[in-house]
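Peer 1: Coordinates for the following, if possible.
(chains A, B, C and D)
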Number of protein chains: 4
Amino acid sequence: MTFGVAVAGASGYAGGEILRLLAAHPEVEIGTLTAHSSAGRPLSEVQPQLGALHNRLLVETSAESLAGHDVVFLALPHGQSAELAGRLGDSTLVVDCGADFRLRDPAAWETFYGSPHAGVWPYGLPELPGCREALRETRRIAVPGCYPTAVTLALFPAFAAGLLEPEAVIVAASGTSGAGRAAKPHLIGSEVMGSMSPYGVGGGHRHTPELVQNLSAAAGEAVTVSFTPTLAPMPRGILATCSARVREGVHEVRAAYEKAFADEPFVRLLPAGRWPSTSAVLGSNTAQVQIALDESAWRLVAVSAIDNLTKGTAGGAVQSMNIALGLPETLGLPMNGVAP
Amino acid sequence: MTFGVAVAGASGYAGGEILRLLAAHPEVEIGTLTAHSSAGRPLSEVQPQLGALHNRLLVETSAESLAGHDVVFLALPHGQSAELAGRLGDSTLVVDCGADFRLRDPAAWETFYGSPHAGVWPYGLPELPGCREALRETRRIAVPGCYPTAVTLALFPAFAAGLLEPEAVIVAASGTSGAGRAAKPHLIGSEVMGSMSPYGVGGGHRHTPELVQNLSAAAGEAVTVSFTPTLAPMPRGILATCSARVREGVHEVRAAYEKAFADEPFVRLLPAGRWPSTSAVLGSNTAQVQIALDESAWRLVAVSAIDNLTKGTAGGAVQSMNIALGLPETLGLPMNGVAP
Amino acid sequence: MTFGVAVAGASGYAGGEILRLLAAHPEVEIGTLTAHSSAGRPLSEVQPQLGALHNRLLVETSAESLAGHDVVFLALPHGQSAELAGRLGDSTLVVDCGADFRLRDPAAWETFYGSPHAGVWPYGLPELPGCREALRETRRIAVPGCYPTAVTLALFPAFAAGLLEPEAVIVAASGTSGAGRAAKPHLIGSEVMGSMSPYGVGGGHRHTPELVQNLSAAAGEAVTVSFTPTLAPMPRGILATCSARVREGVHEVRAAYEKAFADEPFVRLLPAGRWPSTSAVLGSNTAQVQIALDESAWRLVAVSAIDNLTKGTAGGAVQSMNIALGLPETLGLPMNGVAP
Amino acid sequence: MTFGVAVAGASGYAGGEILRLLAAHPEVEIGTLTAHSSAGRPLSEVQPQLGALHNRLLVETSAESLAGHDVVFLALPHGQSAELAGRLGDSTLVVDCGADFRLRDPAAWETFYGSPHAGVWPYGLPELPGCREALRETRRIAVPGCYPTAVTLALFPAFAAGLLEPEAVIVAASGTSGAGRAAKPHLIGSEVMGSMSPYGVGGGHRHTPELVQNLSAAAGEAVTVSFTPTLAPMPRGILATCSARVREGVHEVRAAYEKAFADEPFVRLLPAGRWPSTSAVLGSNTAQVQIALDESAWRLVAVSAIDNLTKGTAGGAVQSMNIALGLPETLGLPMNGVAP
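Peer 2: Residues are numbered from 1 along each chain as shown, chains lettered A, B, ... in the order given. The predicted model follows:
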């Protein structure tokens, strides 16, 4: 059985990656592709890498243009999904790559996004305990943010096993595609090549409350998060370096990770001595994870690498779609990275 | 029907890319993987991006270890394929990614490689007139060099249509993976990032006689080639900028390209005004081509972009294998690039 | 004696590089800095790398704000220099980094820039025969374009010595700063990293007539130029790969280059077997040049590397200023590159 | 007065950067340049960017070849400085860029370097309280490690002011030149471009005890350090993201930084809202620093950016040399970065 799929926001980076994955998915048929300022243009003008779809046209994003599909992916700016989703039928599977339905706490939403809270949908991080079950047969999915995907996979096993004090310190490096496709002066190539710089320092990044939500849920208590994102000179990839103080008496953490990821197709706990790299997961839905216990600082250091556009957005979205549609979870999703 | 496939040289960049493609190919089963200095190590130590194959071991390259497969890919240093291939049975499809069987002219081989000429096999560039036919049911394939793939696709339609004087000037930029995986001082990241530099200037690059062979065959007369390769600060990709004087009276060249590529699944002649970029073909088997007629210099400028490891090596190899095995030519081969 | 210097367009890449060089120049005092949309802002907000000037303010560009200096550098969009220069006194040394006064042929100007021709000023490429003399005591300097600087240095010795047929083929790779600082969608980091692409193919680039002018002047006859610029994934640098057919009977070209550059402080003809790289000249006013005679194609291949913002713009401007002011030509100009 | 200066290890990255700076220093004359495996070769073959020194030769490193200079810079592998320094006269200023004389604790040295402790020399980080005084008239200088330079500048003002709990968490990204010039497989361009990866995780990096030493000295109590270095896809630069819990009742930290850096020529505390970037300090001796107080996590986040080869090695060395020789501290040292 083949599912008809529409993509809203097909002109952006998330939309392009969704299309790359869907084009290789054996059980979907790509339907309407929508955009806003690029509506009316051929897809090939804005996504020249999608040679297999070069004759498609972009149309204006609207409930009407998106109607009649089994699945609709929303790759829209934050705050635009709620209204549109409300006008899509309940039987349509709506996969929202935006932030609108990720946060449970309305106050956190309003603090970080400045608009009324739209609600909460099942969370598209199947590896997080409880999520996979909630995704089965749902018709609404909130895809996690890219940083929360990387950080949560790095830390939840240790928090869930009660090994860590509830204060996490996270420094993550992201490729520039995480900042989207809008042409901003600080994002032009001349500025970012050869440069590392932080942003949103001191708790200001919008992914912070989502990190707090995920880690606190895993820990079963409120976890404090210090999160500093940095912009790295590469198009794709997130490397998340996470640490927290281990509780007294804890000398072993690896078993918790081995157990958490034993059956996970898309998380690879590396052999001892090997460390994640963003290049190894480029274009794949794989997360690499490795840990070390620093006995002199008494902290666990957990590092993960993902492709922010694949496992961090489009791949996580398709993986969750597969679950919701009752398809094999790995269908159509690359596990091998494009390296070097 | 599924074909058993072995890969010799699985620890290198070409070998890794062959495995990435084969892992997504529905009609092959990956068998023995061999290496030389890495023999005995897990594949995951040398190809950490191949998460789906992380439990495979590398064994020593030999005719014995490669025996018993329907297909054997050779991704070995130049000069090592001939002897090994001679010991593989005639019914085995041997796909050689090295240079050993590409050149028809023994003198050219000896000049550029300094060893006795091994012979000529059907040439794995299906788009070049005559090649596709020769690949059908062959059991021996010589995969083209990466530069010759890019350059030949850019220029053969115009030469074949008799539009050009027989003197081509080619300047091509390659990502560093084209130089292989050996750790050489001038290839370390500190040296290549932020840097463009030429090499093999003045006709010394080993791909020069292959370019002469292909373009002369297309033109039906001896074509002189000035070829300058340059190393670009990127891991993958070739951008070939090729030009030749147009013959007197020629004012139109586009029709020859439209005709040549009308039915080619992996060559995309871009719409007017769009130019190839290496990022648009990253990880795909697609070649982008565009041309311009410079009436002030009276030259045709033809530009192509490929991924040197995909269409330029492993993808071209799998495409040719598909033809030789009677499978659909596009089977298992990505047409969409991983961008941005 | 110290000269007071103003810079118009101090918020752009050329302006920033001029300031970096002037700040290290022992005989200048930096005066007024002007900008357009950034007027009123501290310099440090737009040029955070200029720590030594962090307390300077940008003011609006106007003849009034620029008055009262011994030297005024204009780093403005093409077409804006003529009117402004006309309002600066004849005793002020005006150094124009724009294109307005580079071309001698009004028709070529109008074809490529679409506005009336403003005139011709002494040309700031001291290495080109005749230029150094014209710069002495001038009060108006037209700084060459970045590509013409690189290409002219690579080819003029051979053309001036009568060794080449009058048809040059040039493919040059430029770092992204050559495209300026405006935030355009195709210039954001996500698009340019990992990517090589051509632009202005077929003779359309505005530096083409300047190339024709320089090479024809050197050759003493009209030289046809096929010029293809490409955008490379690096912030700075130009690598120009240039070739032309050598005249019959020519077997030696090196002597012409040795003679041309024997006394040039900023051009380094590399020892045989060494090739230019853009990283080796980063931040310096040095051009590296190397040549090879390809006897099979009967062409001379000449390659040069410069930093497009230093020798290609700001450094060439300061070098020419030194000559015009009667200072030592090398004063304040780095000859060593910042590498790796 | 001019000082004669020799450089041991002139073929490496640190040695090359020392030479770039010395060549622009008005009070030094560059004397003997030594190397090991490159001895006998022209400097220009291994440091082609040093055009101004292209006719120099490298000689074998020995006490004899280095004798007779006022100053000797040692840019040698760790463990080689002690014996050589012992054979240079007491009146010679020896500036050691290696680790041999940085650590006060012999046990820490032996744990991390595995050889007997050589001793302690005055520490070449003039900004750290007490260091500048110790450098005056010394004839032995231990240049800090690149990471310790970046991290210490980011954190010492807050520790010295008693604002922080004694547990620091540091994640730093370094350009690849920090790993030196040896051609190792994981450092080739194809591997590092597009990739972020950690190394030495869990306290294993040799700079850890130096960080502990510096921060503990500033705090006046033992500070625990969790340090994770990462390799970033750029040739140069360190971005250090450092944090520690603020002591109860602390709501303001900026004044401590303003006071610490008020008179420092090479440290720039950025205006509020501006964050350091490695590109802004490329090739300069400047450190950019910024801080934020994260009230939700109750941590101070301090970020610094330096060029690892300049302020992090060669620039810090020359700055310290200036102090020791009684020259103006800023002499010959660039404060402006090469950007973009």
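Peer 1: Could you identify the longest helix within chain A?
Peer 2: Assignment by DSSP state H gives helix A:146-160 as the longest helix of chain A.
Peer 1: Can I get that one as CSV, trimmed to CA atoms?
Peer 2: Extracted in CSV, the C-alpha atoms of helix A:146-160 (Å, rounded to 0.1, in the frame of the first residue of the first chain):
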residue,chain,number,x,y,z
CYS,A,146,17.6,19.1,16.3
TYR,A,147,19.6,19.9,19.4
PRO,A,148,17.1,18.2,21.7
THR,A,149,17.4,15.0,19.5
ALA,A,150,21.2,15.0,19.9
VAL,A,151,21.3,15.9,23.6
THR,A,152,18.5,13.7,24.7
LEU,A,153,20.0,10.6,23.0
ALA,A,154,23.3,11.4,24.7
LEU,A,155,21.9,11.8,28.2
PHE,A,156,18.6,10.1,28.8
PRO,A,157,20.0,6.6,29.5
ALA,A,158,22.1,7.9,32.4
PHE,A,159,19.3,10.1,33.8
ALA,A,160,16.7,7.4,33.4
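Peer 1: How far away from the center of its chain is it?
Peer 2: Chain-centre distance of helix A:146-160: 12 Å, with Cα atoms, centre = their mean, to the nearest Å.
Peer 1: Likewise for stretch A:299-313?
Peer 2: Relative to its parent chain, stretch A:299-313 has a centroid offset of 9 Å by Cα atoms, centre = their mean.
Peer 1: mind saving the C-alpha coords of it as CSV?
Peer 2: What follows is stretch A:299-313, C-alpha atoms only, in CSV (Å, rounded to 0.1, in the frame of the first residue of the first chain):
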residue,chain,number,x,y,z
ARG,A,299,31.4,13.8,35.8
LEU,A,300,29.9,11.7,33.0
VAL,A,301,30.7,13.2,29.6
ALA,A,302,28.3,12.0,26.9
VAL,A,303,28.8,12.9,23.3
SER,A,304,26.5,12.4,20.4
ALA,A,305,26.6,13.2,16.7
ILE,A,306,23.7,13.5,14.3
ASP,A,307,22.9,15.1,11.0
ASN,A,308,20.7,18.0,12.1
LEU,A,309,18.6,17.7,8.9
THR,A,310,18.3,13.9,8.9
LYS,A,311,18.0,12.3,12.3
GLY,A,312,17.6,15.9,13.7
THR,A,313,14.6,16.8,11.5
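Peer 1: How about it, which residues are buried there?
Peer 2: Buried positions in stretch A:299-313, judged by neighbour count with 16 or more other Cβ atoms under 10 Å in any protein chain shown: A:299-313. Heads up, the C-betas are built off the backbone N, CA and C, glycines and all.
Peer 1: out of those residues, who's near chain C?
Peer 2: By Cβ under 8 Å from any Cβ of the partner chain, no member of the buried residues of stretch A:299-313 lies near chain C.
Peer 1: Farthest pair within those?
Peer 2: By the measure Cβ to Cβ, A:R299 and A:L309 form the most distant pair in the buried residues of stretch A:299-313, at 30.5 Å.
Peer 1: quick one on the thing from earlier: which helices and strands sit right next to the longest helix of chain A?
Peer 2: strand A:164-174, helix A:208-219, strand A:224-231, strand A:238-246, helix A:254-261, strand A:287-294, strand A:299-306 (3 or more Cβ pairs under 8 Å, 6 or more residues apart in numbering or on different chains; DSSP states H and E).
Peer 1: Among the ones you listed, which comes closest to D:T138?
Peer 2: For the helices and strands packed on helix A:146-160, distance to D:T138 was read as Cβ to Cβ. The smallest value, 35.0 Å, belongs to strand A:287-294.
Peer 1: Name the strands paired with that closest one and say parallel or antiparallel.
Peer 2: The partner list of strand A:287-294 in its sheet, established with DSSP bridges, is strand A:267-269 (parallel), strand A:299-306 (antiparallel).
Peer 1: Quick one: the helices in chain A, in order.
Peer 2: Ranges of helices within chain A are A:13-23, A:43-46, A:63-66, A:81-86, A:106-113, A:131-135, A:146-160, A:189-192, A:208-219, A:254-261, A:315-325, based on DSSP H.
Peer 1: Can you add mean neighbour count and mean pLDDT and give the ones you listed back as TSV?
Peer 2: Formatted as TSV, the helices of chain A follow (neighbours: other Cβ atoms under 10 Å in any protein chain shown; pLDDT from 0 to 100):
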stretch	mean neighbour count	mean pLDDT
helix A:13-23	27	98
helix A:43-46	19	96
helix A:63-66	17	96
helix A:81-86	18	92
helix A:106-113	16	95
helix A:131-135	18	98
helix A:146-160	28	98
helix A:189-192	28	97
helix A:208-219	24	98
helix A:254-261	16	98
helix A:315-325	26	98
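Peer 1: and the ones you listed as TSV, adding distance to D:V281?
Peer 2: Output for the helices of chain A, formatted as TSV (distance: least, Cβ to Cβ, whole Å):
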stretch	distance to D:V281
helix A:13-23	30
helix A:43-46	36
helix A:63-66	48
helix A:81-86	41
helix A:106-113	32
helix A:131-135	43
helix A:146-160	26
helix A:189-192	14
helix A:208-219	28
helix A:254-261	38
helix A:315-325	36
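Peer 1: Name the residues linked to A:V303 by a beta bridge.
Peer 2: Assessed by DSSP bridges, A:V303 has beta-bridge partners A:T241, A:Q290.
Peer 1: Hmm, I typed the wrong one, I wanted A:V171.
Peer 2: Applying DSSP bridges to A:V171 gives these bridge partners: A:T228, A:T241.
Peer 1: what pLDDT does it get?
Peer 2: For A:V171, the model assigns a pLDDT of 98.
Peer 1: Can you name every helix or strand that the lowest-mean-pLDDT helix or strand in chain A contacts?
Peer 2: Lowest by mean pLDDT, DSSP states H and E among the helices and strands of chain A is helix A:81-86, with a mean of 92. Secondary-structure packing of helix A:81-86 (3+ Cβ pairs under 8 Å, 6+ apart): strand A:71-74, strand A:93-96.
Peer 1: which of those strands sits most buried?
Peer 2: Of all these, strand A:71-74 carries the top mean neighbour count, a mean of 27, counting by mean count of other Cβ atoms under 10 Å in any protein chain shown.
Peer 1: As CSV, could you dump the C-alpha coordinates of that one?
Peer 2: Listed next in CSV are the C-alpha coordinates belonging to strand A:71-74 (Å, rounded to 0.1, in the frame of the first residue of the first chain):
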residue,chain,number,x,y,z
VAL,A,71,0.3,12.4,5.2
VAL,A,72,1.2,16.1,5.4
PHE,A,73,4.7,17.2,6.5
LEU,A,74,4.8,20.7,7.9
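Peer 1: Alright, I will stop here.
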